[in-house]
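Enquirer: Let's see this in three dimensions:
(2 chains)
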Amino acid sequence: MNGKIFRFLSSLSGLAALVGVWAAIHAAYGPLVLPRPDLAVRELLSLFVSGEAQQALKATLLHSLAGWATGSLLGFLLALLAGFWPLAGLALRPVATVLLGTPPIAWLVLAALWFGANGFDAGFTVAVVILPIVFVAALQGLDARDPLLDEMAAGFSAPTWLRFTDILAPQMLAYLLPAAATALGMALKVCVMSEVMASGTGIGGRLAAARSNLDLTEALAWILLVIALVLGLDLIFVAPFRRLFRDVRAPGGSEPC
Amino acid sequence: MLSLTELCKNFGPQRIIAQIDLVVAPGEFVVVIGASGCGKTTLLRLAAGALSPTTGRVDNRFSRTASVFQEPRLLPWRTAIDNAAFGLKALGFDRRQRRAKAETILARLGLDAAELGKRPAALSGGMAQRVAFARALAVAPDLLLMDEPFGALDIGMRRSMQDLTRREAEKAGMAVLFVTHDISEALRLASRIIVLSPRPGRIVADIRHNPLSDPAEIFQAAASLLKKPEIEAALFG
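Expert: Below is the predicted model:
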């Protein structure tokens, strides 16, 4: 227990140092460069009290999670197609390389032109950025699978669903999960960037408005909200899976058969 | 009954198996021996349906076939009991039934209750091979295909697994097609010994035999087998 508290306090110390640097810059250069940290926090609280934060949060979460889920699902399905149908693999691998090499800002401009600034552009940009990341990771998982386990399952006439859930999926997840976790954080950042640049909705839209008004305190309040969101998503979606996989890889323990 | 008729297998231009005719009857313990690379594993994979013959035919009339491989091929993310229950899961048994059945068989094969919740990484080679054996026995096969399953075990563990295999095969009345390069293993287990020539593998001897357990008898039987020039040539080139 003491070890856990120590680790928690150690991780907090890094954040505290960051706030300390922020306060020092404020003290050295004044509020025109950086407002006091407590003022930014107070501003964020007032945004919550007025309901503006919830509204922006809802829009950004919708755009980023919808884009992330769509990109991940398509990337996974295309990887299955490429893994089991060599011709599709030959066609899709270079496409994934091109998509990976295309900067998100290029998609963002195209999406704004194609769909207009209505929030869909942000979701689209996120999906296009996430898709090749998940595709490549899932394909790596497929390429690295153990053919002897497939032969073993075939020897027991295991049905297709069992081969997927018990043989293929665990091997793919070892590659997919870290990629999906990285992609989730990236989805949020790309979404906010897209909102700032084009859509004018969500947290990014409010951040852009604060920039236009030269309201540095409000801008920092929105940035704090984005950081809290990334940490929150990691805690809710990624950390439980990380724990689960660590347990599954451990030599002991038992999970249902 | 398993019938292999005029069986040939090529990998690319190379012929691995040549004109093999073999029938495995119910309850028979057939051991195939031959030098490394003579096509023993290929023969077993053909019998299992994992490979298609280049020419010839494989006709498996047994109702249920299970395999035990050289390496245990356990799922690293599953516990010992879950691995042993895999074949039952494939057959559609519910969780309670398959766990109960797998537990009984694992206990019969000498796995303690404490071992059931361990994953393969925490099991010794012998234990992992027992789990693989339990996985095959759990589905109550009438034909068991075994590909040098004890090759990686030490001599003591090997002997105990051989006795266990013989006992389980007799108890269940199942046919076994067992592949090994170890003549003493063949003499300990087989009711029939098939000797394959070096590549391409073809049958050079088909010997009816009574399994032996006394090491002196096994030594004598091996010596008399090796006096036959065709067997000596097949095993030592």
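
Enquirer: So which elements touch the longest helix along chain B?
Expert: For chain B, the longest helix by residue count, based on DSSP state H, is helix B:155-172. Based on contacts counted as 3 or more Cβ pairs under 8 Å, 6 or more residues apart in numbering or on different chains; DSSP states H and E, the elements that helix B:155-172 packs against are helix B:125-138, strand B:175-180, helix B:183-189. Just so you know, the C-beta spots here come from the backbone N, C-alpha and C atoms, and that holds for glycine as well.

Enquirer: Any chance of a markdown table for these, columns distance to chain A and mean pLDDT?
Expert: Written out in a markdown table, the entries for those read as follows (distance: least, Cβ to the nearest Cβ, whole Å; pLDDT from 0 to 100):
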| stretch | distance to chain A | mean pLDDT |
| --- | --- | --- |
| helix B:125-138 | 8 | 91 |
| strand B:175-180 | 13 | 94 |
| helix B:183-189 | 21 | 92 |
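
Enquirer: Now do the SS call for the residue positioned nearest the centre of chain B.
Expert: In chain B, the C-alpha nearest the mean C-alpha coordinate belongs to B:Met146, at 1.4 Å (Cα atoms, centre = their mean). Following DSSP: H, G, I helix; E, B strand; the rest coil, we place B:Met146 in the strand state.

Enquirer: any idea how far it is from chain A?
Expert: Counting by Cβ to the nearest Cβ, to the nearest Å, the gap between B:Met146 and chain A amounts to 12 Å.

Enquirer: Confirm for me that that residue is in contact with B:Met174.
Expert: No: under the criterion of Cβ atoms under 8 Å, B:Met146 lies out of contact with B:Met174, with a separation of 11.1 Å.

Enquirer: What segments of chain B are helices?
Expert: Residue ranges of the helices in chain B, as given by DSSP H, are B:40-48, B:80-84, B:86-91, B:95-108, B:113-116, B:125-138, B:155-172, B:183-189, B:215-226, B:229-236.

Enquirer: So what's the predicted local confidence for the residue nearest to the centre of chain B?
Expert: Model confidence at B:Met146, given as pLDDT, is 94.

Enquirer: give the contact list for it.
Expert: Contacts for B:Met146 were tallied using Cβ atoms under 8 Å, 6 or more residues apart in numbering or on different chains; they are B:Leu44, B:Ser67, B:Val68, B:Thr165, B:Val176, B:Leu177, B:Phe178, B:Val179.

Enquirer: Any regions of chain A where pLDDT drops low?
Expert: Counting by pLDDT under 70, the ranges of chain A that qualify are A:1-2, A:199, A:244-257.

Enquirer: If you count neighbours, what's buried in the top helix by length along it?
Expert: If each helix of chain A is counted by residues according to DSSP H, the longest one is helix A:52-84. Going by neighbour count (16 or more other Cβ atoms under 10 Å in any protein chain shown), the buried part of helix A:52-84 is A:53, A:56-57, A:59-72, A:74-76, A:78-80, A:82-83.

Enquirer: Which residues of chain B lie near chain A?
Expert: For chain B, the residues in contact with chain A under the definition Cβ under 8 Å from any Cβ of the partner chain are B:48, B:50, B:65-67, B:69, B:71, B:73, B:75-79, B:81-82, B:85-87, B:89-91, B:95, B:98-99, B:102, B:116-119, B:121-122, B:135, B:139.

Enquirer: so where's chain B shaky on pLDDT?
Expert: B:237.

Enquirer: which residues touch B:Arg135?
Expert: B:Arg135 makes contact with A:Phe156, B:Ala66, B:Leu74, B:Asn83, B:Ala84, B:Ala85, B:Phe86, B:Gly87, B:Ala102 under the criterion Cβ under 8 Å, 6+ apart.

Enquirer: Which entries within those residues meet the buried criterion?
Expert: Of all the contacts of B:Arg135 considered here, the ones buried according to neighbour count by 16+ other Cβ under 10 Å are A:Phe156, B:Ala66, B:Leu74, B:Asn83, B:Ala84, B:Ala85, B:Phe86, B:Gly87, B:Ala102.

Enquirer: Take the residues you listed and write them to CSV, including distance to A:Ile25.
Expert: Conversion of the buried ones among the contacts of B:Arg135 to CSV gives the following (distance: Cβ to Cβ, whole Å):
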residue, distance to A:Ile25
A:Phe156, 64
B:Ala66, 70
B:Leu74, 57
B:Asn83, 58
B:Ala84, 62
B:Ala85, 61
B:Phe86, 60
B:Gly87, 65
B:Ala102, 63
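
Enquirer: List the buried residues in the longest helix of chain B.
Expert: B:Met157, B:Arg158, B:Arg159, B:Met161, B:Gln162, B:Leu164, B:Thr165, B:Arg166, B:Glu168, B:Ala169.

Enquirer: who are the neighbours in contact with the last one?
Expert: What it means is B:Ala169. The neighbourhood of B:Ala169, defined by Cβ under 8 Å, 6+ apart, consists of B:Phe29, B:Leu144, B:Val176.

Enquirer: From the residues you listed, pick the one nearest A:Asp38.
Expert: Nearest to A:Asp38 out of the contacts of B:Ala169 is B:Leu144 (Cβ to Cβ; 73.7 Å).

Enquirer: just checking, the closest one touches B:Arg166?
Expert: No: between B:Leu144 and B:Arg166 there is no contact under Cβ under 8 Å: 11.7 Å.

Enquirer: got the domain boundaries for chain B?
Expert: Recorded structural domains for chain B (assignment: automatic domain parsing) are B:1-64+B:144-186+B:194-237, B:74-140.

Enquirer: what helices or strands is the helix or strand harbouring A:Leu229 leaning on?
Expert: Under the criterion of DSSP states H and E, A:Leu229 resides in helix A:216-233. Packed against helix A:216-233, as judged by 3+ Cβ pairs under 8 Å, 6+ apart, are the following elements: helix A:37-50, helix A:52-84, helix A:169-194, helix A:202-212.

Enquirer: Return the set of buried residues in the third one.
Expert: Buried positions in helix A:169-194, judged by neighbour count with 16+ other Cβ under 10 Å: A:170-177, A:179-181, A:183-194.

Enquirer: out of the residues you listed, who's near chain B?
Expert: Counting by Cβ under 8 Å from any Cβ, A:Pro170 from the buried residues of helix A:169-194 sit close to chain B.

Enquirer: where does the stretch 1-150 of chain A come near chain B, residue by residue?
Expert: Contact residues (Cβ under 8 Å from any Cβ) of the stretch 1-150 of chain A with chain B: A:Leu148, A:Leu149.

Enquirer: Please repeat the previous calculation with a cut-off of 6 Å.
Expert: A:Leu148 (Cβ under 6 Å from any Cβ of the partner chain).

Enquirer: For the stretch 1-150 of chain A, which residue gets nearest to chain B?
Expert: Using Cβ to the nearest Cβ, the single residue of the stretch 1-150 of chain A nearest to chain B is A:Leu148, 5.3 Å away.

Enquirer: Please name the nearest non-neighbouring residue to that residue.
Expert: Using Cβ to Cβ, 6 or more residues apart in numbering or on different chains and skipping the chain neighbours, the partner closest in space to A:Leu148 is B:Arg73 (5.3 Å).

Enquirer: on that earlier part again, Three-state assignment for the residue of the stretch 1-150 of chain A closest to chain B, please.
Expert: Under three-state DSSP, A:Leu148 falls in the helix class.

Enquirer: count of residues packed around it?
Expert: Using other Cβ atoms under 10 Å in any protein chain shown, the number of residues around A:Leu148 comes to 12.
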